[in-house]
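Novice: got a sequence here, can you build the structure:
(one chain, ligands or ions: 2)
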Amino acid sequence: MPIKVAVIGRPNVGKSTLFNRLTGTRHALVDDTPGVTRDRREGEGRIADLTFRVIDTAGLEDAFDDSLEARMRRQTERAVEEADIVLMLIDARAGVTPLDAHFADWLRRVRPPVVLLANKCEGRAGMAGLAEAYALGLGDPVPISAEHGEGMGELYDILRKVA
Ligand code: GDP
Ligand code: MG
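Specialist: Ligands and ions are numbered 1, 2, ... in the order given. Below you'll find the model as predicted:
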């Protein structure tokens, strides 16, 4: 049985870009509009010889009456419950936001191991955000660039330990 990897985080951090990279999907559902991924997607991910299931999450268009936090939590809760490992993304260029902190607070209490990925770290623009990310209390953030494919070796090593 391949392991299940849940990709979570606030809108626009690059979850779907990472999903697309890991699964080899070319264009689907990546957009500058926050929350453009309506539904959860699941696919076969691969890095080198390692294969696994990946779950992409989000979906903010659903017109619930309750809070943003509650909506996001409901959409990611199931993915986290069934995952063997959770990849929590932040946008290192934007820095740590209150919503990132909210996710991190919640994730410190879940069952599967959580790895903090500081995305958009290509070049130098992510350095400050990467440093801020230590304060989230999810261990050392791993710098990656989902768009440019950087940090995939580190991600391989992390997933290898779980698989
Ligand atoms: P999601 O809402 O978390 O699924 O985020 P998306 O994958 O839809 O990406 C949101 C925006 O961030 C898009 O404009 C992406 O092109 C951009 N993006 C994603 N990954 C990277 C990255 O590694 N570097 C940079 N600079 N931009 C990225
Ligand atoms: Mg998305």
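Novice: Arg53 - nearest residue in space that isn't next to it in sequence?
Specialist: Lys4 (4.5 Å; CB to CB, 6 or more residues apart in numbering). To be clear about C-beta, it is placed using only N, CA and C from the backbone, and glycine gets the same treatment.
Novice: my guess is that neighbour meets Asp84, correct?
Specialist: Yes. Using CB atoms under 8 Å, Lys4 is in contact with Asp84, at 5.2 Å.
Novice: and the helices in the protein, which stretches?
Specialist: In the chain, the segments counted as helices under DSSP state H are 15-23, 68-82, 98-107, 127-132, 152-162.
Novice: for the residue lying closest to His148 once chain neighbours are set aside, what are its contacts?
Specialist: Using CB to CB, 6+ apart and skipping the chain neighbours, the partner closest in space to His148 is Glu122 (4.6 Å). Counting by CB atoms under 8 Å, 6 or more residues apart in numbering, Glu122 touches Ser145, Glu147, His148, Glu150.
Novice: thinking again about what came up before, so how far is Leu136 from the residue nearest to Arg53?
Specialist: 23 Å (CB to CB, to the nearest Å).
Novice: how about Arg10?
Specialist: Distance, Arg10 to Leu136, by CB to CB: 12 Å.
Novice: compare the two (neighbour count), which wins?
Specialist: Neighbours per residue, other CB atoms under 10 Å: of Arg10 and Leu136, the larger number sits with Arg10, 24 against 21.
Novice: so that one touches Ala94, yeah?
Specialist: No. With contact defined as CB under 8 Å, Arg10 does not reach Ala94; the gap is 9.4 Å.
Novice: from ligand 2, how far off is Cys121?
Specialist: Cys121 is 18 Å from ligand 2, where distance means CB to the ion, to the nearest Å.
Novice: that residue: what's it in contact with?
Specialist: Residues counted as contacts of Cys121 (CB under 8 Å, 6+ apart) are Ala92, Met127, Leu130, Pro143, Ile144, Ser145, Glu150, Gly151.
Novice: can you flag the buried ones in those residues?
Specialist: Buried residues within the contacts of Cys121, counting neighbours by 16 or more other CB atoms under 10 Å: Ala92, Leu130, Pro143, Ile144, Ser145, Glu150, Gly151.
Novice: filter those residues down to the ones close to ligand 2.
Specialist: Counting by CB under 5 Å from the ion, nothing from the buried ones among the contacts of Cys121 sits close to ligand 2.
Novice: which of those residues fall within strands?
Specialist: Pro143 (DSSP state E).
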